[in-house]
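Student: Compute the structure for the input listed below.
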Amino acid sequence: MTASAIARAAIGTLLAATPVLAQDVPSYESKPCVREIPGALCGTLTVWEDRDAESGRKLDLNVVVLEATGDERKPDPIYVLMGGPGQGAASSAVGWIRNPFRADRDIVLMDQRGTGESNRLLCLHPDEAPVDAYLGALFVPDRLRECIPELETHADLTKYQSPYSLDDLDDLRAALGHDQINLWGGSYGTRAAQVYIRRHEEHVRTAVLNASMSMSQVMPDGMARDAEASIRGVIEDCMSMPDCAEKYPNLADDYAAAVAGAREPVAVTVPDPRTGDTVQATMQPAGFSEALRAMLYSAGQTRDVPRLLHVAATTGNYDGFATFGAARNYGISRIAANGMYLSVTCAEDVPFANEHGEYEQGAGTFLADARARAHHDSCRVWPRGEVPEDFHDNVISDVPVLILSGSHDPVTPPRWGEEAATGLSRSIHVIVPFGHHSWGALENAGACVLSIQREFLDNPTGSPDTDCLKTIRRRPFN
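Tutor: Predicted coordinates:
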């Protein structure tokens, strides 16, 4: 064990041995890790649920610190902010064990309030719902009405917005004794990073925004348009690749026919994502559109899109989309918290979106108005918190920021990264081919994006070498 590791272990032991008095909020305690994570320190940050009143219910937030693996640890760790909103960072710690950034920096992961093991807000318990529940709209107001009273037994649903969560994170930073930190955010985590910069800029050394939102972006405004642009990009990519164009010469027509055929419920045969048993189910129109939209997030998943569109268009068989959609939605329900998603977006997004404009934007797109209507209808049911008046203003800062956008991203396309950059005077915006920060399925992309981030972290005032972007290629479509 290195000297710094010994020192940190001693600090952890001291914190664990220090009694936490009832009035000591916020407070931090270390604890033995409950899961097998090599080189990890686990802890609990206790905060007020109502940070403004500083009274009432307390929240115990789950924390995992992955210690640097090298002998020389830099003093500025990486704090991870996950997407969704609804994903817990500490609950995803296993996925960060082998992250190359650990060579010389600790990686700090906290389950944001309402996620993971931090008073998770979950409607639709994954192992209790029928398969059909994963083949329809993501949000069903009647279902939410049933679960809200259950959640309100242990949560004030109006106290789970981003500003609260990022102030929690700063309490953790102070408790761990870090003066300067590096933020790494993905998708919604990029909004979280910008909120943290606005509120605690003096403690931010750098920020990496993967699939960046801007503060002016409000969901679900633009979702249908952006998803349509993404699928059109996939079709163009297929037509530009001889093998794909030969297999699916009429892909644009297949796409139109498949979308038209899914405007009504369709019978499907799918594996039950919980047991693997083959079951008969019904996929609703929203289930098809959500499955197709989700496939566009990753270049790897889009490799199946031309084939599935062709099969659906020519045979009426939507089993492929249904199988993907059921498995994905079941998996998401296990790792994310849809109640947290609503507590955030019903306060930070939906009230500021152009509801009728969204419906008009959806005309002629595969997503149509299904996602927007479900989101607005659900937020009419969900308890709504408040956000600061300047919440949607661009963050103005000279913190060094690396912005990464995917050219075909269906939810955070490059224009939002460009918008975020307008207030970040020392930002670098890099556009990576294809999807939503899932670049490992592309030839040469994973190492390329990692090298850009690594160079930026080591020298945030320089310009990282981006020539490797020219070598990135799509893998062949299936």
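
Student: okay, L21: pLDDT?
Tutor: Here, the pLDDT recorded for L21 equals 41.

Student: count of neighbours near the nearest residue to Y359 once chain neighbours are set aside?
Tutor: Once flanking residues are discounted, Y359 sits nearest to D369: 4.3 Å by CB to CB, 6 or more residues apart in numbering. C-betas here are computed from N, CA, C, even on glycine. A count of neighbours around D369, defined by other CB atoms under 10 Å, yields 19.

Student: What values do phi and psi take at D369?
Tutor: phi -110, psi 10 (degrees, to the nearest 10).

Student: For it, give its distance to A137.
Tutor: 12 Å (CB to CB, to the nearest Å).

Student: same question, T412
Tutor: For T412 relative to A137 (CB to CB), the value is 22 Å.

Student: between these two, who's got more neighbours?
Tutor: Ranked by neighbour count (other CB under 10 Å), T412 and A137 place T412 first, with 28 against 21.

Student: So that one lies in a strand, does it not?
Tutor: No. Per DSSP: H, G, I helix; E, B strand; the rest coil, T412 lies outside any strand segment and is coil.

Student: Identify the residues contacting the closest residue to it other than its chain neighbours.
Tutor: Leaving aside its chain neighbours, T412 sits nearest to A211 (4.5 Å; criterion: CB to CB, 6+ apart). Neighbouring residues of A211 by CB atoms under 8 Å, 6 or more residues apart in numbering: 83, 186-187, 190, 404-406, 409, 411-412, 436-437.

Student: Compare the residues you listed and tell me which is most surrounded.
Tutor: The most crowded member of those, judged by other CB under 10 Å, is T190 (33 neighbours).

Student: Can you classify it by secondary structure?
Tutor: Assignment for T190 (three-state DSSP): helix.

Student: Distance of it relative to E202?
Tutor: For T190, the distance to E202 equals 20 Å [CB to CB].

Student: Which helix or strand contains the residue nearest to Y164 when sequence neighbours are not counted?
Tutor: Nearest residue to Y164, sequence neighbours excluded (CB to CB, 6+ apart): R51, at 5.5 Å. Under DSSP states H and E, no helix or strand contains R51.

Student: for L404, same thing?
Tutor: Using DSSP H and E, L404 falls within strand 401-406.

Student: relative to strand 401-406, how tilted is the helix or strand that that strand is followed by?
Tutor: Past strand 401-406, further along toward the C-terminus, the next helix or strand under DSSP H and E is helix 414-421. Interaxial angle, helix 414-421 versus strand 401-406 (axes from the mean of the first three to the mean of the last three CA atoms, to 10 degrees): 170 degrees.

Student: May I see the buried residues of helix 414-421?
Tutor: 414, 416-421 (16 or more other CB atoms under 10 Å).

Student: sorry, back to before: which residues touch the residue nearest to Y359?
Tutor: Residues near D369 by CB under 8 Å, 6+ apart: 224, 358-359, 362-363.

Student: Which one (most neighbours) among the residues you listed?
Tutor: A224 leads those on contacts (other CB under 10 Å) with 27 neighbours.

Student: just checking, what packs against the helix or strand harbouring that one?
Tutor: Assigning secondary structure by DSSP H and E places A224 in helix 223-240. On a contact count with 3 or more CB pairs under 8 Å, 6 or more residues apart in numbering; DSSP states H and E, helix 223-240 meets helix 242-247, helix 251-261, helix 285-295, helix 305-315, helix 355-361, helix 370-379.

Student: Just the pLDDT for the most centrally placed residue in the chain.
Tutor: Closest to where the C-alpha atoms of the chain average out (CA atoms, centre = their mean) is G83, at 1.8 Å. Looking at G83, its pLDDT reads 94.

Student: Look up the closest residue to it, ignoring the ones flanking it.
Tutor: Ranked by CB to CB, 6+ apart and with sequence neighbours excluded, the top spatial neighbour of G83 is S187, at 3.3 Å.
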